[in-house]
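J.: need a 3D model of the following:
(chains A, B, C and D)
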4 protein chains.
Amino acid sequence: MALVEMPTGTGGDVTVRDIIERHPRLIGLDGDVLLRCIDECFDCSATCTSCADACLGESDVPDLVRCVRLNLDCADVCDATGRVVTRQTEPDVGVVRAAVEACVVACRACAEECDRHAAHHDHCRVCAEVCRRCEKTCSELLASMG
Amino acid sequence: MALVEMPTGTGGDVTVRDIIERHPRLIGLDGDVLLRCIDECFDCSATCTSCADACLGESDVPDLVRCVRLNLDCADVCDATGRVVTRQTEPDVGVVRAAVEACVVACRACAEECDRHAAHHDHCRVCAEVCRRCEKTCSELLASMG
Amino acid sequence: MALVEMPTGTGGDVTVRDIIERHPRLIGLDGDVLLRCIDECFDCSATCTSCADACLGESDVPDLVRCVRLNLDCADVCDATGRVVTRQTEPDVGVVRAAVEACVVACRACAEECDRHAAHHDHCRVCAEVCRRCEKTCSELLASMG
Amino acid sequence: MALVEMPTGTGGDVTVRDIIERHPRLIGLDGDVLLRCIDECFDCSATCTSCADACLGESDVPDLVRCVRLNLDCADVCDATGRVVTRQTEPDVGVVRAAVEACVVACRACAEECDRHAAHHDHCRVCAEVCRRCEKTCSELLASMG
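T.: The predicted structure is shown next:
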C-alpha cells in the first residue's frame, strides 16, 4: 500500500463515479459492481493499448505477435464495453450482457497470452493482472444481472 | 442487383478487401462471408453514428432517447467487432466469436428500436435496414465458423 | 475501371450518404466534399487497421515496427475524425477543423512510412494510396471551410 | 486536497504508469506531464461519454442537444488522443502534436458548453471541470514538446 496525495474529485476512477452519482436515471444494477466494471474496462483498454505498444518495442517482437494481436482486440472490446456499461439511459439488458460477455472472453484470452511472456516482459505480467481483474469484475456484473 | 462501374481500388469496401487479399496469413474462414462481415460492421458503425446524430437533430428528440442510446451502443460494438474480424494474424477463435455474437445482439436491438420510428424518420428506416443486414452477415459468419 | 455486380443499396459508402441526405439539420459545408471525407476517413481507418495486422503477420516484422505504430495512430485518428465529420447537428467549426487537421497529419505520416515498404509489401502500397486519398479529401474539406 | 490510501498497482491511473515505466523505449518527453496527459485523456473520454448519456436522460434534453453533440465529439477525440500519447514506440512528433492540439480544442469547446448547463445539471459542472483539466494538461504537454 502506498500513501498518495490526491486532489478531491481528481483521478480517472473518481470522475465517472461523480457523473453517474449525479445521473438522472440509474440502471437497476449493483452500483458498486457497476462502477468497478466501468473503471476496469477503461483501465484494461488503456493497459492493453500500452502493452501492445511495449511488445512492439521489444527486440523479440516476432515472439510477441500473438500477444500484440490479442492486446489490440482486448483494447477495442474493453473500450466498447466500457462505453456500453457507462451508459445508464434506456439500456437494453441483452446488449449490455452480450458486450460484457465478449469482454470476459477477450480479457481471458489476452491474460493467458500475456502470462506466457510474463517472466521475460514485466509489462506483460502487469497487463495479465489487469486483464484478469477486468474479467473478474465483468463476471461479477453478469452474475449481479441474474 | 445492379451493374455498377467502379474504379479499381477505390471505394470503402474495396480497400479492405485489397489489403486482406495481400495478407501474409489468412484465417481459415469463408473469405466471402468474412469480407462482407468486415464491410457490414464498419458500415453499420458509421450508419448508427449518423442516425444517433440525426435523431438528436429532430424536434421530437425526447421520443428518440432510446433510439439514440441503442445507436451509440451499436456504433461502438460494431466498430470494435469490425476491427477484431479485420485482423487475420494469430486470431483467437473464441474472441472473434464472442465479439461477433455481441454484434448480432446490438444490431438486432438497434434495428427493432429504429423500426419503431421508421414511419416518421426515414433515417431510422435506413438504419434499421443496415443493422439487419449486419446482423444477418454476422450470423452467417458465426455459422461458417462451425 | 472494373465492372462489378453490386446489390442495390449495399456497400459502405452508400449508407451514410442515405442517412445524411435524410438528416433534419445540415452543416453549411460542400456536400460532396463532406460525404467523400466521411467515406475516406472510415475507409482509411479500416485499411490502416488491416495494414497494421498484415505487417504484424510478415516475417520481417522487426523492420515494420514504425509502420505498425503509424498505422495504429492513423486508424484511431481517422475513426475519431470520421465520427466528428459525420455529425451534422450543432457542430463546433473549430472542433471539426482541428480533428480534420489532425487527420491530414496522421494520414501523411502513415503514407510516407507505408511508401518505404511498398516495394516489398503490396498491402503497404495499397494503404499508402488510401492514406493519401484521405489526406487529400480532408485538405479539400478544410479549404471548403474557408 | 485529500489524503487517500491506494493499493500499489491498482486503479485506473496507476496501471498505465506501471506499463510505461516498464516500456523498452521511451519518448523523450517530460514523463510526469506525459503520464498525466494519458490519464486525463482517457478520464475525459469516459466522463464525456457519461455526461452525454446523463444529458440524454434529462427531461430538458432538447436544451442539451449541443451539449450531447460536443460531449460525443470530445469523447471520441480524447480516446484517439489518449491512444496516440500512450504509444511510446517510434512516435511521429507531428502526429502526436496534431492529435493533442485537436484534443485541446475539443475539450475547450465541450467545457464551454457544459458550463452553460452547470447551474442546472451537476454532471455538466463535473464534466466541464474534467474537460478543462484535460485541456490544461494537453497544453502543458505541447509546451514541453517545444
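J.: name the helix or strand for residue A:79, please.
T.: helix A:65-86 (DSSP states H and E).
J.: which neighbouring elements make contact with that helix?
T.: Under the contact definition 3 or more CB pairs under 8 Å, 6 or more residues apart in numbering or on different chains; DSSP states H and E, helix A:65-86 sits against helix A:31-56, helix A:93-116, helix A:122-144, helix B:65-86, helix B:93-116, helix C:31-56, helix D:31-56. The C-beta positions use only the backbone N, C-alpha and C, and glycine is treated the same way.
J.: can you list these in CSV and add mean pLDDT?
T.: Shown next, in CSV, are the helices and strands packed on helix A:65-86 (pLDDT from 0 to 100):
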stretch, mean pLDDT
helix A:31-56, 96
helix A:93-116, 98
helix A:122-144, 97
helix B:65-86, 98
helix B:93-116, 98
helix C:31-56, 96
helix D:31-56, 96
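J.: out of those helices, which comes closest to residue A:81?
T.: helix A:93-116 (4.1 Å; CB to CB).
J.: need the helices and strands packed on helix A:65-86 in TSV (columns: mean neighbour count).
T.: Formatted as TSV, the helices and strands packed on helix A:65-86 follow (neighbours: other CB atoms under 10 Å in any protein chain shown):
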stretch	mean neighbour count
helix A:31-56	26
helix A:93-116	23
helix A:122-144	22
helix B:65-86	28
helix B:93-116	23
helix C:31-56	26
helix D:31-56	27
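J.: closest to residue C:95 out of those helices?
T.: Short answer: helix D:31-56, nearest of those by CB to CB, at 12.2 Å.
J.: that closest one near chain A anywhere?
T.: Yes: judged by CB under 8 Å from any CB of the partner chain, helix D:31-56 comes into contact with chain A through D:38-39, D:42-43, D:45-47, D:49-51, D:53-54, D:56.
J.: show me which residues of chain A are close to chain C?
T.: Counting by CB under 8 Å from any CB, chain A sits next to chain C at A:52-53, A:56-57, A:59, A:61-62, A:65, A:68-69, A:72.
J.: these: which two are farthest apart?
T.: Among the residues of chain A next to chain C, A:59 and A:72 lie farthest apart (CB to CB), at 20.2 Å.
J.: so which of the helices and strands packed on helix A:65-86 gets nearest residue D:80?
T.: Among the helices and strands packed on helix A:65-86, helix D:31-56 comes nearest to residue D:80, with 8.8 Å by CB to CB.
J.: what angle do the closest one and helix C:65-86 make?
T.: Here helix D:31-56 runs at an angle of 30 degrees relative to helix C:65-86 (axes from the mean of the first three to the mean of the last three CA atoms, to 10 degrees).
J.: excluding covalently adjacent residues, which one is nearest to residue A:76?
T.: residue B:80 (4.2 Å; CB to CB, 6 or more residues apart in numbering or on different chains).
J.: now do the SS call for residue A:89.
T.: At residue A:89 the chain is in coil, as set by DSSP: H, G, I helix; E, B strand; the rest coil.
J.: tally of neighbours for it?
T.: 22 (other CB atoms under 10 Å in any protein chain shown).
J.: any idea how far the residue nearest to it when sequence neighbours are not counted lies from residue A:90?
T.: Ranked by CB to CB, 6+ apart and with sequence neighbours excluded, the top spatial neighbour of residue A:89 is residue D:57, at 3.8 Å. As judged by CB to CB, to the nearest Å, residue D:57 and residue A:90 stand 8 Å apart.
J.: between the two, what contacts are shared?
T.: Overlap of the contact sets of residue D:57 and residue A:90 (by CB atoms under 8 Å, 6 or more residues apart in numbering or on different chains) consists of A:25, B:65.
J.: re earlier: how about the contacts made by the residue nearest to residue A:89?
T.: Taking CB under 8 Å, 6+ apart, one finds A:23-25, A:88-90, B:65 in contact with residue D:57.
J.: compile the helices and strands packed on helix A:65-86 into TSV and extend it with columns for distance to residue C:111.
T.: Output for the helices and strands packed on helix A:65-86, formatted as TSV (distance: least, CB to CB, whole Å):
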stretch	distance to residue C:111
helix A:31-56	20
helix A:93-116	31
helix A:122-144	30
helix B:65-86	19
helix B:93-116	29
helix C:31-56	10
helix D:31-56	25
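J.: out of these, which is closest to residue D:120?
T.: Between the helices and strands packed on helix A:65-86, helix D:31-56 lies closest to residue D:120; by CB to CB that is 10.8 Å.
J.: any idea of the angle that closest one forms with helix D:122-144?
T.: Going by the same axes, to 10 degrees, helix D:31-56 makes 150 degrees with helix D:122-144.
J.: who does helix D:31-56 touch, helix- and strand-wise?
T.: Counting by 3+ CB pairs under 8 Å, 6+ apart, helix D:31-56 packs on helix A:12-21, helix A:31-56, helix A:65-86, helix B:65-86, helix D:12-21, helix D:65-86, helix D:93-116, helix D:122-144.
J.: tell me how far the last one lies from the chain's centre.
T.: In this view, helix D:122-144 has its centroid 7 Å away from the chain centroid, taken as CA atoms, centre = their mean, to the nearest Å.
J.: any idea of the angle it forms with helix A:12-21?
T.: Using the same axes, to 10 degrees, helix D:122-144 lies at 150 degrees relative to helix A:12-21.
J.: which secondary structure elements does helix D:122-144 sit against?
T.: Checked by 3+ CB pairs under 8 Å, 6+ apart, helix D:122-144 has helix A:12-21, helix D:31-56, helix D:65-86, helix D:93-116 packed alongside it.
J.: distance to residue B:126 for those helices - can I get that in JSON lines?
T.: Converted to JSON lines, the helices and strands packed on helix D:122-144 look like this (distance: least, CB to CB, whole Å):
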{"stretch": "helix A:12-21", "distance to residue B:126": "32"}
{"stretch": "helix D:31-56", "distance to residue B:126": "22"}
{"stretch": "helix D:65-86", "distance to residue B:126": "20"}
{"stretch": "helix D:93-116", "distance to residue B:126": "28"}
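J.: now residue A:120. Nearest residue, chain neighbours left out?
T.: With CB to CB, 6+ apart, the residue lying closest to residue A:120 is residue A:60, at 7.6 Å.
J.: over to residue A:141?
T.: residue A:37 is the one closest to residue A:141 (CB to CB, 6+ apart), at 4.5 Å.
J.: tell me how far that neighbour lies from chain B.
T.: 15 Å (CB to the nearest CB, to the nearest Å).
J.: with residue A:133 instead?
T.: 18 Å.
J.: I figured that residue hits residue A:40, correct?
T.: Yes: here residue A:133 lies in contact with residue A:40, judged by CB atoms under 8 Å, at a distance of 5.8 Å.
J.: who's in contact with the most centrally placed residue in chain A?
T.: Nearest to the geometric centre of chain A sits residue A:41, at 2.5 Å (CA atoms, centre = their mean). Listed by CB under 8 Å, 6+ apart, the contact set of residue A:41 reads A:78-79, A:81-82, A:85, A:103, A:134, A:138.
J.: go again with 7 Å.
T.: Counting by CB atoms under 7 Å, 6 or more residues apart in numbering or on different chains, residue A:41 touches A:78, A:81-82, A:85, A:103, A:134.
J.: quick check: the closest residue to it other than its chain neighbours vs residue D:143, distance?
T.: Closest residue to residue A:41 in three dimensions, ignoring its sequence neighbours and counting by CB to CB, 6+ apart: residue A:82, at 3.4 Å. Using CB to CB, we find residue A:82 at a distance of 30 Å from residue D:143.
J.: do the same with residue A:121
T.: Distance from residue A:121 to residue D:143, by CB to CB: 33 Å.
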